[in-house]
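Structure, please.
(one chain, ligands or ions: 1)
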Amino acid sequence: MNAIQTALETRSSSLLDVENIRADFPILGITVNDKPLVYLDNAASSQMPRQVIDRLVHYQTKQHANIHRGVHYLSEVATSEFEVARRKLQHFINAREEREVIFTSGTTEAINLVMHGYGRKYICAGDEIILTTLEHHANIVPWQMLAEEKGARIRVVPVNDAGELLVDEYEKLFNERTKFVGVTHVSNALGSINPVKEMIAFAHARGVPVLVDGAQAAPHTAVDVQDLDCDFYAFSGHKLCGPTGIGILYGRASILEDMQPFKGGGDMILSVTFEKTTYNTIPHKFEAGTPPIAAAIGLGAAVDYLSGIGMDAIAAHEHALLKYATDQVQSMPGVRIIGTAGQKAAVLSFAVNGVHPHDIGTLLNQEGIAVRTGHHCAQPVMQRFKVPATSRASFAFYNTLDEVDALVAGIRNVQKIFT
Ligand code: PLP
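Numbering: from 1, shown residues only. You can find the predicted model right below:
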């Protein structure tokens, strides 16, 4: 199917009422440099619908107090709403139990929690941790810090030229010293969707637990942690229409119970004396101090909003946008798409001959088009593809084919200016 056919088909059969959806997002109506905003930086942070904004306002104006420690009306309301949000997240990822959902400040903190709580307890000198070339720095650096502290070793799964993990090589990395696997569900730099379910099954058959970095998957596809059978799954609220400063770590209850706490302080204890502290039960053992209560409740509203649209419909619409954009961009002379995996989420990383990615970003911005340029906190991916940086357009369910057209016209304009 060519680009025009894809466009016609998508316009007539889109599962989503995108115009109405866009009306929920006040920010999509602004202009940038006197042009309508074309927001294609969703992999960095997505935008927030009015339903989430209104929920935050309602909380702050009618329900706010500190949680878990008060007997007064507002404290009880805030506590109840915070725990309702936890249950919403539990259902969003189909976790067995709500205590398997830990609120964190985001994916980065969730991975650091696992590194401190699990890694520092169980990983020893000579042990090996398997990561992949496609990891975001958030799923590399904490493990490097651990490896340095413990004398452990990081092993890395390579990718082919399309940006697909070499699963055979992954399997070959396992040996009796392998103690942990960390893998991103979707690459933020290339969009590759990794075969995490198969990778988890392989690791489990050898008794090795797996953490999945779901930062780029949870906003775009239905996640079922029971079906994946992962031990840990992490994602951030701000990439799925929720607030910043909130995210979750899913952890299998039996593993979480045996882990050591990450941070010490209020709320994570049952009793404290100067001689001994007894820790709280999960998930509270991992939620020291006052959590971002409003943000957690806002995240609950965000997953309600996404579930209301339907994750399958979201995935289908974004896939159509990606196909339409890919068809056009790959036929442009002088433009190279970096990341052409068979299974991809709606991320289009590209390089334009003779133009630095930052110049592309700046020129597109003059047209009101927001893309990200740089190494995307995935420098090993850049090294693998021998580029210092890429330009990255990343789509959400509220993007349109017209916006893809604007991007393509913008890239043509960049090429004209530089030739
Ligand atoms: N992992 C992946 C795959 C990401 O794309 C990101 C953010 O871009 C992160 C982790 C880190 O997320 P946060 O900065 O919200 O903690």
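
In the stretch 151-300 of the chain, what residue spans correspond to strands?
153-157, 178-184, 210-213, 232-236, 247-251, 269-272, 277-279 (DSSP state E, counting those that start in this stretch).

Dump those strands into JSON lines; add mean neighbour count as well.
Every residue, glycine included, has its C-beta placed from N, CA and C. Formatted as JSON lines, these follow (neighbours: other Cβ atoms under 10 Å):
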{"stretch": "strand 153-157", "mean neighbour count": "18"}
{"stretch": "strand 178-184", "mean neighbour count": "24"}
{"stretch": "strand 210-213", "mean neighbour count": "28"}
{"stretch": "strand 232-236", "mean neighbour count": "29"}
{"stretch": "strand 247-251", "mean neighbour count": "30"}
{"stretch": "strand 269-272", "mean neighbour count": "12"}
{"stretch": "strand 277-279", "mean neighbour count": "13"}
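
Redo those strands as JSON lines? Include distance to residue 89 and mean pLDDT.
As requested, the strands of the stretch 151-300 of the chain are exported to JSON lines (distance: least, Cβ to Cβ, whole Å; pLDDT from 0 to 100):
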{"stretch": "strand 153-157", "distance to residue 89": "29", "mean pLDDT": "98"}
{"stretch": "strand 178-184", "distance to residue 89": "20", "mean pLDDT": "98"}
{"stretch": "strand 210-213", "distance to residue 89": "15", "mean pLDDT": "99"}
{"stretch": "strand 232-236", "distance to residue 89": "9", "mean pLDDT": "98"}
{"stretch": "strand 247-251", "distance to residue 89": "5", "mean pLDDT": "98"}
{"stretch": "strand 269-272", "distance to residue 89": "24", "mean pLDDT": "95"}
{"stretch": "strand 277-279", "distance to residue 89": "22", "mean pLDDT": "96"}
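
Please tabulate those in CSV, including the columns distance to residue 55.
Shown next, in CSV, are the strands of the stretch 151-300 of the chain (distance: least, Cβ to Cβ, whole Å):
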stretch, distance to residue 55
strand 153-157, 40
strand 178-184, 29
strand 210-213, 27
strand 232-236, 18
strand 247-251, 17
strand 269-272, 30
strand 277-279, 32
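
The ligand: which of those is closest?
strand 232-236 (3.3 Å; Cβ to the nearest ligand atom).

Dump the closest one to PDB, keeping only the CA atoms.
Taking C-alpha atoms only, strand 232-236 is exported to PDB below (Å, rounded to 0.1, in the frame of the first residue of the first chain):
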ATOM      1  CA  PHE A 232       9.400  -6.000  37.400                       C
ATOM      2  CA  TYR A 233       7.700  -3.500  35.100                       C
ATOM      3  CA  ALA A 234       8.400   0.300  35.200                       C
ATOM      4  CA  PHE A 235       6.900   3.300  33.600                       C
ATOM      5  CA  SER A 236       6.400   7.100  33.900                       C
END
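
What is the burial count for residue 112?
22 (other Cβ atoms under 10 Å).

That one: what's it in contact with?
142, 262 (Cβ atoms under 8 Å, 6 or more residues apart in numbering).

residues in the stretch 151-300 of the chain within reach of the ligand, list them.
184, 188, 213, 215, 216, 236 (Cβ under 6 Å from any ligand atom).

nearest to residue 417, of these?
Ranked by distance to residue 417 (Cβ to Cβ), those are led by residue 188 at 28.3 Å.

Nearest residue to that closest one in space, please, no chain neighbours.
Nearest residue to residue 188, sequence neighbours excluded (Cβ to Cβ, 6 or more residues apart in numbering): residue 216, at 4.8 Å.

Kindly report the same for residue 142.
Using Cβ to Cβ, 6+ apart, the nearest residue to residue 142 is residue 115, at 4.0 Å.

neighbours around that neighbour, how many?
Applying other Cβ under 10 Å, we find 24 residues neighbouring residue 115.

likewise residue 17?
Considering only other Cβ under 10 Å, residue 17 is surrounded by 11 other residues.

And it, how close does it get to the ligand?
Plainly put, residue 17 is 28 Å away from the ligand if you go by Cβ to the nearest ligand atom, to the nearest Å.

Mind pulling up the pLDDT for that residue?
What the model reports for residue 17 is a pLDDT of 94.

Residue 1 too?
50.

roughly how far out does stretch 26-39 sit from the chain middle?
24 Å (Cα atoms, centre = their mean, to the nearest Å).

Extract the CA atoms of it and return them as CSV.
The C-alpha coordinates for stretch 26-39 follow below in CSV (Å, rounded to 0.1, in the frame of the first residue of the first chain):
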residue,chain,number,x,y,z
PRO,A,26,-6.1,22.5,25.5
ILE,A,27,-2.4,22.7,24.7
LEU,A,28,-2.9,21.3,21.2
GLY,A,29,-4.7,24.5,20.3
ILE,A,30,-1.8,26.8,20.9
THR,A,31,0.4,28.4,18.1
VAL,A,32,4.2,28.3,18.0
ASN,A,33,5.9,30.8,15.9
ASP,A,34,2.5,31.8,14.5
LYS,A,35,1.9,28.3,13.3
PRO,A,36,-0.5,25.7,14.8
LEU,A,37,1.5,23.5,17.2
VAL,A,38,2.4,20.1,15.7
TYR,A,39,3.4,18.2,18.7
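
in it, what counts as buried?
The neighbour-count check on stretch 26-39 (16 or more other Cβ atoms under 10 Å) flags 28, 36, 37, 38, 39 as buried.

Return the member of those nearest to residue 332.
residue 38 (17.7 Å).

Since that was my last question, I'll sign off now.
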